[in-house]
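In: This is the structure alone, sequence omitted:
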């Protein structure tokens, strides 16, 4: 196996962080090798130390708060941990380059695309002026940015997320690196764009013969993309091996746990005899575009443009689409959190014209669970106060003791120990926080819950648990869910009806089973291919 | 849906005892303590502040406790008419030898360490006022004005002017202590009032946005572009001077300082998911603002407070210096500076005022820096 010297060899690497007199070990003695032309995937859930490991290769951690108690990182025989700053700068951006997770923030918003890429070329190759421009154009074409010539002068905010990530890749490839470190490069992107970016990386790897360290939490990508895989948890690598072997014969318990973590189960059966809880017809949310001196309305951004839907008790309507398709706006309009046009009928009442005060008595039956469990809980309130807040608004008759009882009941419903109600949100993990957010909705005993991407900020195994929880609650209390998500795997496990949205309009609508089995529209097919097989489709279908 | 019943055993458990501070505040307190200079400045300032609050017990022209004919009297708190001791004035002048002898003959007196209040005129000054601190004169000279010269029992430490007298023969030490107190109290009152007004205005602007924000913001721009000091001078010349009139006038302009940061904080936080979640629960605007948004803005506000406090003190002092501040006779550091300016031959006036001001302001700035560090989430101390 070891026929040649590995390109990068990490030996017994540890990373420790000091804060407030305490030392936490984030990475604990990991070792791995990357050979030339190889893709090594580092998988693990959030907090497993995979990003920290990757960042320490180029010494990008916040030193001196971070330190390496042990280990060496040999790149072509040189220990990068002991290299001088000058040696290290020669390696960074030249021999080893990195792509980060957030294309929104990893480009400098004040520099044009040409300047950003040109900087790297000038720094390491001394290319400037026309020569640099030629190379930049070549790179942009290589990474599939169309109309590269016109894009040179563009600023990051003028590009979409996928295009920005392409620019990042162009920057990473500018100096023909031998090793590319990709830290969750597609996590922030839509599934269809993700598939394209992965396709691009695979093509580029083939052309240049470079090696890659690919960090991800998505096992689907690993299986499709990597040669070898290292499974990380709690700062340690628990299993290493060729992808096929690890996936078919996982040795370690944690690997098996990860592999079994896909959301499973069957959605509720459609039942036309159940009472209608929420009905909307021709719902439109148009944001005016104003221009000129008198702020005249010249046009509208049609975020939601004429959508009809019916939702019955005990059933789930899934709304899927890419970011910007208007699915969250639709949910907010139904919950009457933004103004909209068109009839909205909730438990037999037409609520589209209700004011905030008129809506208040209905709010307890109409609840919302938001996407980000870190943002949706007030950091300065205890869990008990957070869950009890709705009760204070809607059920004035309750004594403090009764309220406490209801809070305990709600926490038990979502599988949390009622004793946790005196603790604060920062003491909980992402999955537990999402349970708290669900408890906050459940304590009011709602009939309709809008779930806005409730699982997308969570790790895979936690996603599965939350999906199971939601389904149990639905069965028990006959809840109607509006489930908004871009993750088709989760939707498949929960929704019995489906709306596929694009540019504020319905592309395809029907029972989930039908849509998944026999998608009618090209766009739906593209989404399904990207989500389940990570296959890129011709850009004509998904590009604007 | 059936009635929710949770396990009663669980409910019976009382909440665990938490420390006085929630974890983030505990971390801030640790950070604050880690800034040694700011931490010690804080305690030193608090010590000076608490001491100056009891100024009547440190520097006063009345005894703290006196015993007269078997009766325990508290002249610090109670105005006893002089006929109680055989005199005729409406208020007893305990410093006059007649009263002193009378009380000492029928009991005793406990005096504060400094036997002057801020308005007490020393009638036994050895030279023409302003007189220098006693330690700049020989024992014979400093007691020259007393009937029995150096042998006079009244020529004692409490009756000597530790920091000299001003040009009206009033004790500088006593005026400094009372002046410090009134400066800090004025600064605190102004800071707290402008924080309340400013935070409210900023909160309303940031939370409601739109036209509310636009109109108020334009108003603030006009308001804050006024030449504040000149307007203060004009108003102070019309209205009778006094603590609360000055406070009111300065409040008119000082609240603007808070609006910017609070407004920005509310604008940012009003779209946070937990605020949206509260709105989805049907919580009303005022509750959302107070319970969910205000804590965010408080961090920025608290960071600002010590600096506003020192600014308020400086403004009061400069008004006093110009003669538009507190009414004549009040103990004020600004007035002391102006006396120092017109009596350059008496440097103890200017120096006392200078050191009081600079120590007070430096302490506040050091505390302010430590507070700023403590609230900075990126700052870590070992």
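Out: Nice, I can see it. Worth saying up front: this structure is predicted, and the values here are computed from it rather than measured.

In: thought residue A:303 was touching residue A:327?
Out: No. Checked against Cβ atoms under 8 Å, the pair residue A:303 and residue A:327 is beyond contact range at 9.7 Å. From N, CA and C alone the C-beta is placed, and that goes for glycine too.

In: Could you check which of the two has the larger neighbour count?
Out: Ranked by neighbour count (other Cβ atoms under 10 Å in any protein chain shown), residue A:303 and residue A:327 place residue A:327 first, with 28 against 22.

In: Assess the claim that that one and residue A:333 are in contact.
Out: No. Using Cβ under 8 Å, residue A:327 makes no contact with residue A:333, being 10.8 Å away.

In: give me the low-pLDDT residue ranges for the stretch 1-150 of chain B?
Out: Filtered on pLDDT under 70, the stretch 1-150 of chain B yields the residue ranges B:1-24.

In: Let's see that with 90 instead.
Out: Low-confidence segments of the stretch 1-150 of chain B (pLDDT under 90): B:1-35, B:61-63, B:65-73, B:75-110, B:115, B:119-150.

In: Going by contacts, tell me the helices and strands next to the strand or helix carrying residue B:308.
Out: Following DSSP states H and E, one finds residue B:308 within helix B:294-322. For helix B:294-322, the packing partners by 3 or more Cβ pairs under 8 Å, 6 or more residues apart in numbering or on different chains; DSSP states H and E come out as helix B:172-208, helix B:228-238, helix B:243-254, helix B:256-269, helix B:333-342, helix B:347-375.

In: How many residues are close by residue 207?
Out: No chain in the question, so chain A it is. Neighbour tally, residue A:207, other Cβ under 10 Å: 9.

In: Can you look at chain B instead?
Out: 20.

In: now it: how far from residue B:296?
Out: Distance of residue B:207 to residue B:296, computed by Cβ to Cβ, to the nearest Å: 11 Å.

In: if I look at those two, which residues touch both of them?
Out: Both residue B:207 and residue B:296 are in contact with residue B:266, where contact means Cβ atoms under 8 Å, 6 or more residues apart in numbering or on different chains.

In: Run the chain-centre distance for the helix or strand where residue A:31 lies.
Out: Element membership of residue A:31 [criterion: DSSP H and E] is strand A:22-34. Put simply, strand A:22-34 sits 25 Å off its chain's centre (Cα atoms, centre = their mean, to the nearest Å).

In: Over to stretch A:413-426?
Out: 25 Å.

In: That one vs chain B: in contact?
Out: Yes. Contact of stretch A:413-426 with chain B (Cβ under 8 Å from any Cβ of the partner chain) involves A:413, A:418-419, A:422, A:424, A:426.

In: ok, back up a step: what residues of the helix holding residue B:308 count as buried?
Out: Going by neighbour count (16 or more other Cβ atoms under 10 Å in any protein chain shown), the buried part of helix B:294-322 is B:294, B:296-317, B:319-321.

In: cool, and stretch A:40-51?
Out: Residues A:40-45, A:48-51 are the ones in stretch A:40-51 that count as buried (16+ other Cβ under 10 Å).

In: The residue in the stretch 51-200 of chain A that chain B sits nearest to: neighbour count?
Out: Closest contact between the stretch 51-200 of chain A and chain B, by Cβ to the nearest Cβ, is at residue A:65 (6.4 Å). Neighbours of residue A:65 under the rule other Cβ under 10 Å: 12.

In: Residue A:138 now?
Out: For residue A:138, the count of nearby residues is 12 (other Cβ under 10 Å).

In: Which residue is the nearest non-sequential neighbour of residue 114?
Out: Using chain A. residue A:152 (4.2 Å; Cβ to Cβ, 6 or more residues apart in numbering or on different chains).

In: right idea, wrong chain: chain B
Out: Counting by Cβ to Cβ, 6+ apart, residue B:114 lies nearest to residue B:59, which is 3.9 Å off, once chain neighbours are set aside.

In: before we move on, the earlier item: for residue A:127, which of the helices and strands packed on helix B:294-322 is the nearest?
Out: helix B:256-269 (41.2 Å; Cβ to Cβ).

In: by contact count, what packs against that closest one?
Out: When contacts are defined as 3+ Cβ pairs under 8 Å, 6+ apart, helix B:256-269 packs onto helix B:172-208, helix B:210-224, helix B:294-322.

In: Tell me the pLDDT of residue B:382.
Out: Residue B:382 carries a pLDDT value of 42.

In: quick one, what contacts residue 197?
Out: Reading this off chain A. Residue A:197 touches A:162, A:165-166, A:169, A:185-186, A:189, counting by Cβ under 8 Å, 6+ apart.

In: look at chain B instead
Out: Neighbour list for residue B:197: B:251, B:255, B:258 [criterion: Cβ under 8 Å, 6+ apart].
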